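> Predicted model and sequence below, questions to follow.
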Amino acid sequence: MNETNRFEPRIIAYVCNWCTYLGADLAGTNRLEYPANVRIIRFPCTGRIDFNLIVKAFEAGADAVLVSGCHPGDCHYTAGNYHARRRWMLFRQLLDTLGIDLNRIHFTWISAAEGRKWAQVVTGITEQTRQMGPYTAYREIARASA
Amino acid sequence: MARIGVFTCWCGENVARHVDIEKVTETVAQMPGVRCSINYKYMCSDPGQAQIRDKIQSERLTGLVVASCSPHMHLKTFRKAAQTAGLNPYLVEMANIREHCSWVHHNREEATAKALDLIRMSVEKVKRDHELVPIRVPLTRRALVIGGGVAGIQAALDIADAGHEVALVEREPSIGGKMAGLSETFPTLDCSQCILTPRMVEVGQHPNIKLYTYSEVESVEGYVGNFKITIRQKARYVDMVKCTGCGDCWNSCPIKKNLSEFDCGMGFRKAIYIPFPQAVPARPVIDRLACTRLKRGTGCGLCEKKCQAKAINFADEDKLVVEQAGAVIVATGYKLYNIAKEQDNAQLSGYGEYGYGKYKDVIDALQFERLVSASGPTGGEIKRPSDGKIPQSVVFIKCVGSRDNAKGLAYCSKICCMYTAKHTMLYKHKTPGGEAHVFYMDIRAGGKAYDEFVRRAIEQDGAKYYRGRVSKITEENGKLIVRGADTLAGAPVTIEADMVVLAVAMRPADGVHALAQKLNVGYDEFGFLSESHPKLRPVETNAAGVFICGACHAPKDIPEAVAQASAAAGKTLVMFGREELTREPEIARINEQTCAACYTCVRGCPYTAIERAETLTPKGVHVKYTARVNEGLCMGCGTCVALCPSKSAELEGFTEQQIYSMVESLMT
Amino acid sequence: MTSAASIGYYPGCALHGSSNDYEASVRACLGALGVELCELNDWICCGATAAHSLNHNLAVALPARNLAIAERDGVRELLAPCPMCSMELIRGNRAMARDEKLRRKMSEIVELNIKGETKVLNLIQVFQGIGMDAIKAAVKYPLTEISAACYYGCLLTRPPEDLRFDDCEHPSSMETIIEALGGKTVEWNYKTECCGAGMTLANTDTVLELSHKILSNARAHGANCVVAACPMCHVNLDMKQGDVERRYGVRHGMMIYYLSDLTGLALGIDAHTLGIDRHFVVTK
């Protein structure tokens, strides 16, 4: 196990069923080891991923959130990932205003063939979040306003 | 009260090596709502599934979580097992503790903790799953085929021969497509028309095929099993029923100098014409832009006077016809890249170095086909366009436009290596002593008897092949000076040619994008239509019930186009063979109680699956407007859920409550 | 362009050396059209063929410095009459516009901040800026005797993706100018073919062969002179014409004018001022 006091971040990944979920499957098939901090929640498409879900994850205690779908042009539903991207562009300012640390939200494209990228992305986010420390600030706000 | 059964799989050693199965089973048993928690070596095996079925019945389970591999691997398996035991299959969830856990986390403690989290989430999710039934969609067992080239003909005949009705829509006055204009075909050198025209006649006479020539698809409504297609029949000015095809009209027409589309501009036709003698239907059409009478409104009318059958109708107008179909096959084919300066796409540029098409004796491959064809404007004698002389030296240039990022098209057009070899053979056979020079980048002749064919052109018929590009063509005293490189010899080559034939790139036919948008079919950066999966679903598209075949999908030769057409017909027949269509029920629903009819979802839906609906009282009094999901069209992406400002849209299987409870379960 | 307009002028090595006749005619005819040339202070080599074949950084840094001093001195339009120079300057400018990191690096190297605000022009573009109507109005002696083969050489239009000037293979901008001056032009096949360029001394055989083809083709299409806008082309077609004739045993006797020469003549400037009397092939 880790050194006793090491902080283990809790990361929630909202991913689409057709690209990133399969990319993570491929990382498994290829036995690519990566930190066990991520919990995947599967959606049909990143187009479904409402920004409430990101806020909810932080409220519940996540230290980082990853949203990942198909590469532009590869969406199983033609254009869902474009919706997700546009939403991200628009909502990041809003999330910033809400007081959410944008460095804790990650947005990537990972295809079904990119098992290695999935492992790398998760490793990177885990490391980065570990250095940033637990996201207590937002949790406290959430608790206070509840 | 939920009664959830959790079944944890060892997957032999695959999960068990890194996840403490016993600990997982015990801990899961304590989770709220879990009725039973058991583990087994191979859950997907028959004994494994039998345990699941037994428990469903003995414990009267209301939901099932299988903690094993990826749902992409076995969700269907376990859903089926549940159904067999009388549990609604949509009350089954999987926790992926293999691909997402044991295979990627080798620290036993961490992997076990994560496995528990994944199962906890699935338990929370399955508690909130709803019983769903597959959506049943009615099915019209009629097909619409768009495009009457060899691919469309093949698909239409296959379906019609299987006993189903087909509507075949062709834009030109006759079916036959590009193949009808070809001379001989590789690698057998058998005559193209001899193969194709009997098939065309079959289409024309088939009791199950309704032919719409000189027609285009105007609009498409509906969805798989139930398409409603509006077809525009362009004004032909000839009554198809009265006309006997005798030819008195076109023989009398005085407007002679119209470039023949069928002859690729190498010959002329009248203002009233049939494109070629074997046309199907063998009925003429009046070119409204060429006909004196139609242009001026008065005068001429010679064809009308000559017609015994009284079939000429100058007052004819476009007609809209509606066809119902359960499946649509797109076979719209290709056009050739044009080297002219003006291009229809800003990404493309023409070939100034080959004269932008201003040299008369620089022609493209289809024009050469017409020159060689016995039915062509020269009766099969190879005479060059500028002065009608027989060219003693012909240069063939391959990869013009294709495989050239600088010109905008990166792909290989695939058939040019073969037809260029064929062209050199046909030329050499018809012109004793003539020289055929070929400039190529690579010779790609994969296919049955293909490479042998190319070798024959080189070794037996003596075509000279140079591996290199042509940098410039200039015109000098009636000769075309072709300057290129022979990279194998490492020397520049200059050839004084009488004619140059360009193997220009294949591009998707005009108008295919507008059609693709009507059908909700995707296309790539070059405009070729996208298949659903490049290997496993090569003729399906992402629009259910729409299939593609032939060169609208990618450059391909006749055998490939025909094979793909039969595949598309086969897929259509598979669909028609079913009792009824069913669709996955994990689709969006609108809560009409809270919907404010802003229609953000209507605009955002990639499948135009959300409609504007009106709620009426039983007496027919207007209550309110709402959005409503069309179950036949919704693909379940959930875009509308994220878009809806009033939270009135939900996606079955992925509801907000489900996700929230999953997230919350993690953080306790 | 108003009368007494002033634009920056980048002569490059040729116009200050072997092709000072070109400079004389450019200055004289633009002066007559009311365009004053302000030579860049402290300009350096454009890099020519040597830099880009040796060192990518150098190939951008050399034009970068010239562009930087032009910007520093407030020059918005910079004429580089040698197509090699204008091509290198434009290419450098575009490379920096495409790549911010490169721009910053170059700014550091040349110790001046390069913003990319100076537009580099070739001679034809300056005439286009003056406008065909203004040129027509200024003509005193229309070139009625002239049947010109306009020769662009390899560099005026290439590489097209960077220069974006005229049609790469079938340019016509020079023809438009000659016709505005009252001259005739011929359609011919060697408008954009290579003359051998810098191979004049290193590979004379190639230069003679290529120049011979160019001259022959111009004559075959009825030209009585060739118009060039490049010092290198002029050297190979004019200076080497005697050698071409000796090698191939033909008599070309083809006058090779700079575009500015013919413009100057039409405007009434004498041949001496235009430097035409310093050409090797002389008027019969």
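In hand now; what should we look at?

> ok, now how distant is the nearest residue in space to residue B:276 that is not next to it in sequence from residue B:366?
With sequence-adjacent residues excluded and distances taken as C-beta to C-beta, 6 or more residues apart in numbering or on different chains, residue B:276 is closest to residue B:262, at 5.1 Å. Where you see a C-beta, it was placed from the backbone N, CA and C, and this is true even at glycine. Using C-beta to C-beta, to the nearest Å, one gets 10 Å for the distance from residue B:262 to residue B:366.

> okay, and the common contacts of these two?
Taking C-beta atoms under 8 Å, 6 or more residues apart in numbering or on different chains as the contact rule, the neighbours common to residue B:262 and residue B:366 are residue B:181.

> tell me the residue furthest from the middle of chain C?
Taking C-alpha atoms, centre = their mean, the residue of chain C most remote from its mean C-alpha position is residue C:101, at 31.3 Å.

> Pull the contacting residues for the residue of the stretch 351-500 of chain B found nearest chain A.
With C-beta to the nearest C-beta as the measure, the residue in the stretch 351-500 of chain B that lies nearest chain A is residue B:410; the distance is 15.2 Å. For residue B:410, the contacting residues are B:403, B:404, B:526, taking C-beta under 8 Å, 6+ apart as the criterion.

> hmm, try it at 7 Å
When the contact criterion is C-beta atoms under 7 Å, 6 or more residues apart in numbering or on different chains, the partners of residue B:410 are residue B:403.

> if I look at it, how far off is residue B:556?
Applying C-beta to C-beta, the value for residue B:410 to residue B:556 is 17 Å.

> can you check residue B:317 too?
Relative to residue B:556, and taking C-beta to C-beta, residue B:317 is found at 38 Å.

> From the neighbour counts alone, determine which of residue B:262 and residue B:366 ranks first.
Set side by side, residue B:262 and residue B:366 give different neighbour counts by other C-beta atoms under 10 Å in any protein chain shown, the larger being at residue B:262 (23 against 19).

> now the strands for chain A?
Along chain A, the stretches classed as strands by DSSP state E are A:11-16, A:38-43, A:64-69, A:105-109.

> so what's residue C:89 up against?
C:46, C:63, C:66, C:67, C:80, C:120.

> who's in contact with the helix or strand of chain A with the lowest mean pLDDT?
Ranked by mean pLDDT, DSSP states H and E, the weakest helix or strand in chain A is helix A:136-145, scoring a mean of 79. Contacts with helix A:136-145, where a contact means C-beta under 7 Å, 6+ apart, come from A:58, A:59, A:61, A:99, A:100.

> run the last query once more with 8 Å
Contacts with helix A:136-145, where a contact means C-beta under 8 Å, 6+ apart, come from A:58, A:59, A:61, A:99, A:100, A:101.

> Give the buried residues for that helix.
Neighbour counts over helix A:136-145 (16 or more other C-beta atoms under 10 Å in any protein chain shown) mark A:138, A:139 as buried.

> would you put the C-alpha positions of it in PDB?
Presented in PDB, the C-alpha positions along helix A:136-145 are these (Å, rounded to 0.1, in the frame of the first residue of the first chain):
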ATOM      1  CA  THR A 136     -12.100  20.600   0.600                       C
ATOM      2  CA  ALA A 137     -12.900  24.200  -0.300                       C
ATOM      3  CA  TYR A 138     -15.900  23.300  -2.500                       C
ATOM      4  CA  ARG A 139     -17.100  20.600  -0.200                       C
ATOM      5  CA  GLU A 140     -17.300  23.100   2.600                       C
ATOM      6  CA  ILE A 141     -19.300  25.500   0.500                       C
ATOM      7  CA  ALA A 142     -21.600  22.700  -0.600                       C
ATOM      8  CA  ARG A 143     -22.100  21.600   3.000                       C
ATOM      9  CA  ALA A 144     -22.700  25.200   4.200                       C
ATOM     10  CA  SER A 145     -25.300  25.900   1.500                       C
END
